[in-house]
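1. What follows is a predicted structure for the sequence shown.
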Amino acid sequence: MKPYLKSVYLNVGWQGEVNVVPETLYVDINEGLRKRILALAHIRKQVDAESISILVPDAIWSEFDVTLPEQASEKLKRGNVKESLIQHAIKTCTTQLIIYDEGFSFTAIEDDADSEGTFSTTEIPFVELLNNNPLRSTLKYDLLYQLRNMAKYVNQAWTEKGSIDWQEAEDLINLTKSNVQETLSYFPRIALMLEHALYEEDWDIELVGQWPNDIGTDITAYLQTVPHL
């Protein structure tokens with residue numbers, strides 16, 4: 001059995017004044033780092049801290065953009081993207097891995113007296129550490145955040161009006177189907193919701209009224225789950 005190793009290639013956002021703006025973060029998460037992340041995630045919950053951070057010495061912040069199809073796709077296929085990232089790396093960054101309630105992210109400060117900015121990635125949910133597939137995008141999680149936000153908006157709107165908007169309910173079902181179909185086993189309330197919506201011609205008004213809460217509850221529980229290895 002091969003040792004655990006998960007390669008992460010994520011686009012970078014930045015704030016403030018920086019001398020060089022990277023396009024990509026590259027880091028390998030090995031078994032030791034994976035266990036450390038999950039252990040600290042459990043500790044963060046126990047002490048109810050907003051976040052916990054640790055230094056990551058081997059992260060690479062690079063000007064090479066792995067999202068450019070012509071530049072990066074062939075290199076990814078040939079397995080030599082790491083070489084390109086290293087060639088274009090910003091070598092003076094101190095990297096922190098920051099653990100939050102629903103996942104972790106990487107943040108760096110350029111080690112230059114003239115720079116006052118930071119680089120950061122999007123948040124990666126802890127469940128992603130259950131597989132060793134390369135992570136090149138957090139889009140599937142971004143879609144979950146979008147669905148949860150829509151459910152929150154709909155719930156508030158229905159509460160203020162004192163009634164259900166059936167078009168919004170239908171839109172919520174359609175967005176839910178497109179976002180969670182492949183991972184439905186993780187969302188028991190949503191699974192029951194979709195079963196009712198797809199197989200019942202007349203939707204139960206009491207059940208429909210609970211759908212926004214059910215979506216929010218399931219997605220939050222999924223994102224905040226810290227696995228035990």
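-> Sure thing, it's come through.
2. what's the nearest residue to the residue sitting nearest the centre point of the chain if we skip its chain neighbours?
-> For the chain, Ile124 is the residue whose C-alpha lies nearest the centre (Cα atoms, centre = their mean; 3.7 Å). For Ile124, ignoring the flanking residues on the chain, the nearest one in space by Cβ to Cβ, 6 or more residues apart in numbering is Gly103 at 5.0 Å. Backbone N, C-alpha and C define where each C-beta goes, glycine included.
3. ok, now which ones touch that neighbour?
-> Taking Cβ atoms under 8 Å, 6 or more residues apart in numbering as the contact definition, Gly103 lies against Glu123, Ile124, Pro125, Phe126, Glu128, Tyr141, Leu223.
4. okay if I get the residues you listed as JSON lines plus secondary structure, pLDDT and distance to Val81?
-> As requested, the contacts of Gly103 are exported to JSON lines (DSSP: H, G, I helix; E, B strand; the rest coil; pLDDT from 0 to 100; distance: Cβ to Cβ, whole Å):
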{"residue": "Glu123", "secondary structure": "coil", "pLDDT": "94", "distance to Val81": "23"}
{"residue": "Ile124", "secondary structure": "strand", "pLDDT": "96", "distance to Val81": "19"}
{"residue": "Pro125", "secondary structure": "coil", "pLDDT": "95", "distance to Val81": "24"}
{"residue": "Phe126", "secondary structure": "helix", "pLDDT": "96", "distance to Val81": "25"}
{"residue": "Glu128", "secondary structure": "helix", "pLDDT": "95", "distance to Val81": "19"}
{"residue": "Tyr141", "secondary structure": "helix", "pLDDT": "92", "distance to Val81": "22"}
{"residue": "Leu223", "secondary structure": "helix", "pLDDT": "93", "distance to Val81": "28"}
